[in-house]
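Student: Can you look at this prediction? I've put the sequence above it.
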Amino acid sequence: MTSVSEGRFRSSSVPLITRGPLRTTLRADDGVLIEAVYDPCTAGDGAGDEQGRATTAIVVAHGFTGSADRPAVRRAAGVFSQRAAVVTFSFRGHGRSGGRSTVGDREVLDLAAAVAWARSLGHTRVVTAGFSMGGSVVLRHGALYTRPGAPGEAGGRTEAHGEAHADAVVSVSAPARWYYRGTAPMRRLHWMVTRPTGRLVGRYGFRTRIARDDWNPVPLSPVEAAGLIAPAPLLIVHGDRDPYFPLDHPRMLADAAGGAAELWLEPGMGHAENAADETLLTRLADWAMTR
């Protein structure tokens, strides 16, 4: 699996970017069109490190049935933009993006396109922050897309084009393993993804277009990916009241990273971006800026 082709975006300098949000359409490596939004950093001249703010962008990967314009995603972008520039986008099958959702498989190409776009705007440091499905995607992206010159690894890892790799990874409310059905919300999600009636509910009830085909081959699992991200810093965040994935999931991810990841277990937190309050989002942004 490779990143967006080199030369697809013209490089530019961040100071030349408009101070307001910038919307565009990206093309993933398999041709699917992806809507994306760029929010410049809003920090004042006296807040934080000016050079760090100018060079860093945080790319936000939403959860299943989300989009770049959902309130929880916009809230995260607003908090993050107080520390760094922010790129949000809609995964395939979501929002105004094309294609159909593969629930975490081909979505790694969408994230790679968003990271490449952030770098084309002049940001030399990019941090990916994903929630739920997006949390699993940032883990796989971090494992599969390496820095230029990094040695290849077994298990499908590849040295991708330089503009598509992440310098640090934040995974929030992510599963550790595929096909988990141990909670009622996950059983409902599997019904929506695997049944024709469920996919109709997804399309018209949740504005999410879901692919019919099964994974072939099954993609690298999140727990396998977690062990391949180092030396890039990795933060795993999970709520102790998550109704989708119990605490064995983040613990498995942290264990798989072999001590190379930080693990935050958040008291009282539910699931993904909808449960991430401003205090937590600020802490995530501060971590992203200092690792």
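Tutor: Sure, I can see it. This one's a predicted model, so the numbers in the text were calculated from it and none came from an experiment.

Student: list the contacts for the nearest residue to Ala184 once chain neighbours are set aside?
Tutor: Sequence neighbours aside, Pro243 is the residue nearest to Ala184 in space, at 7.7 Å (criterion: Cβ to Cβ, 6 or more residues apart in numbering). All C-beta atoms are positioned from the backbone trio N, CA, C, and that covers glycine. Neighbouring residues of Pro243 by Cβ atoms under 8 Å, 6 or more residues apart in numbering: 183-185, 270-271.

Student: Now for these: which two are most distant?
Tutor: Maximum pairwise distance among the contacts of Pro243 (Cβ to Cβ): 14.1 Å, between Ala184 and Gly270.

Student: More neighbours: those two, which one.
Tutor: Gly270 (15 against 10; other Cβ atoms under 10 Å).

Student: what helix or strand does that one sit in?
Tutor: Assigned by DSSP states H and E, Gly270 falls within no helix or strand.

Student: Adding distance to Arg177 and pLDDT, write the contacts of Pro243 out as a markdown table.
Tutor: Listed next are the contacts of Pro243 as a markdown table, based on distance: Cβ to Cβ, whole Å; pLDDT from 0 to 100:
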| residue | distance to Arg177 | pLDDT |
| --- | --- | --- |
| Thr183 | 13 | 98 |
| Ala184 | 18 | 98 |
| Pro185 | 16 | 97 |
| Gly270 | 20 | 98 |
| His271 | 17 | 98 |
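
Student: Could you check how far Thr42 is from Leu144?
Tutor: Thr42 is 32 Å from Leu144, where distance means Cβ to Cβ, to the nearest Å.

Student: More neighbours: which of these two?
Tutor: The neighbour count for Thr42 versus Leu144, taken as other Cβ under 10 Å, is higher for Leu144 (25 against 16).

Student: is it true that the more buried one touches Leu111?
Tutor: No. Taking Cβ atoms under 8 Å as the definition, Leu144 is not a contact partner of Leu111, at 10.1 Å.

Student: Name the next helix or strand downstream of the helix or strand of the chain with the lowest mean pLDDT, please.
Tutor: Using mean pLDDT, DSSP states H and E, helix 50-55 stands out as the lowest-scoring helix or strand of the chain, at a mean of 66. The element immediately downstream of helix 50-55 (helix or strand, assigned by DSSP H and E) is strand 56-61.

Student: quick one: strands adjacent to that following strand?
Tutor: Using DSSP bridges, the strands paired with strand 56-61 are strand 85-89 (parallel), strand 125-131 (parallel).

Student: now those strands in CSV, with mean pLDDT, mean neighbour count and distance to Leu247?
Tutor: Output for the strands paired with strand 56-61, formatted as CSV (pLDDT from 0 to 100; neighbours: other Cβ atoms under 10 Å; distance: least, Cβ to Cβ, whole Å):
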stretch, mean pLDDT, mean neighbour count, distance to Leu247
strand 85-89, 97, 28, 28
strand 125-131, 97, 28, 17
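
Student: Ala76 is in contact with Asn274, correct?
Tutor: No. With contact defined as Cβ under 8 Å, Asn274 does not count as touching Ala76 (10.2 Å).

Student: quick one, which of these two is more surrounded?
Tutor: Ala76 (26 against 16).

Student: buried residues in whatever helix or strand the more buried one lives in?
Tutor: Per DSSP H and E, Ala76 falls inside helix 71-80. Residues 72-77, 79-80 are the ones in helix 71-80 that count as buried (16 or more other Cβ atoms under 10 Å).

Student: now stretch 84-101
Tutor: Neighbour counts over stretch 84-101 (16+ other Cβ under 10 Å) mark 84-95, 97-101 as buried.

Student: repeat for stretch 22-39
Tutor: Under the neighbour-count criterion of 16+ other Cβ under 10 Å, stretch 22-39 has 26-29, 32, 34-39 buried.

Student: what does stretch 135-148 give?
Tutor: For stretch 135-148, the neighbour count (16+ other Cβ under 10 Å) marks 135-146 as buried.
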